[in-house]
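[1] Just a sequence and a predicted model for now, questions to come.
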Amino acid sequence: MGNVFRAGADDMYLSNGGTEVFVEVLTLAVAELARRPWELRFAALLARQDQNVLGRGAVGFDLAELEWGGTAEERAAAKAFVLAVTGLAAGRHRWEELGYEPPHALGYLRRFREIVEAFEPPAGVPPGGVLPAPAVACCVRHRAPSALPDWEGCVFCHR
């Protein structure tokens, strides 16, 4: 059992442990970079990938189902943001706070970058879009986006 992160037909399957690592390293990076409304919504999406709350094998998302923006410029900025988050995570941003060395994280991030780079964000709002309201709550202890109002705490609180 595991989780899938995809962009239309292109996907990345991760074991539950791999998913936990992937979400944690992206969360540390998104906490550093998210400032604008779309970026905060993406941070909220990552905060909701908590298997310790939702259950093992019950998370993941499809980039094709996100609302990327109404203009080509907005979509390009959103895609650039996801790539910047992935790049910052690949640079081991705040990994010393994990309390473990994630041996496969760079491979997961490399694969995710490939998926995002090849992806062309759709115009308009896809049916049943999954980008939540902006993350305005922050876990003070871990300096990471929280999934409030859905549940209290961040992915690090629920370990």
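    Perfect, thanks for sending it. Keep in mind that this is a model prediction, so the values were computed, not measured.
[2] okay, CA-based contacts and neighbour counts for the rest of this
    Will do.
[3] What number of residues are in the vicinity of Tyr108?
    If you count neighbours by other Cα atoms under 10 Å, Tyr108 ends up with 20.
[4] right, and it touches Phe22 too?
    Yes. Counting by Cα atoms under 8 Å, Phe22 is a contact partner of Tyr108 at 6.7 Å.
[5] next helix or strand past the helix or strand bottoming out on mean pLDDT in the chain?
    Here the helix or strand of the chain ranked lowest by mean pLDDT, DSSP states H and E is helix 51-54, holding a mean of 60. For helix 51-54, the following helix or strand on the C-terminal side (DSSP states H and E) is strand 60-62.
[6] Neighbouring strands of that next one in the sheet, and parallel or not?
    If you go by DSSP bridges, strand 60-62 pairs up with strand 2-7 (parallel).
[7] Name the residues of the partner strand that come out as buried.
    For strand 2-7, the neighbour count (16 or more other Cα atoms under 10 Å) marks Asn3, Val4, Phe5, Arg6, Ala7 as buried.
[8] same deal with stretch 92-101?
    By 16+ other Cα under 10 Å, the buried positions in stretch 92-101 come out as Arg92, His93, Trp95.
[9] Could you confirm the first one falls within a strand?
    No. When classified by DSSP: H, G, I helix; E, B strand; the rest coil, Arg92 is found to be coil rather than part of a strand.
[10] mind listing what it touches?
    Contacts for Arg92 (Cα atoms under 8 Å, 6 or more residues apart in numbering) come out as Val25.
[11] Leu106 versus that one, what's the distance?
    9 Å (Cα to Cα, to the nearest Å).
[12] Could you pull up phi and psi at Glu32?
    phi -80, psi -40 (degrees, to the nearest 10).
[13] Please read the previous query as pertaining to Arg36.
    Per degrees, to the nearest 10, the backbone of Arg36 is at phi -90, psi 160.
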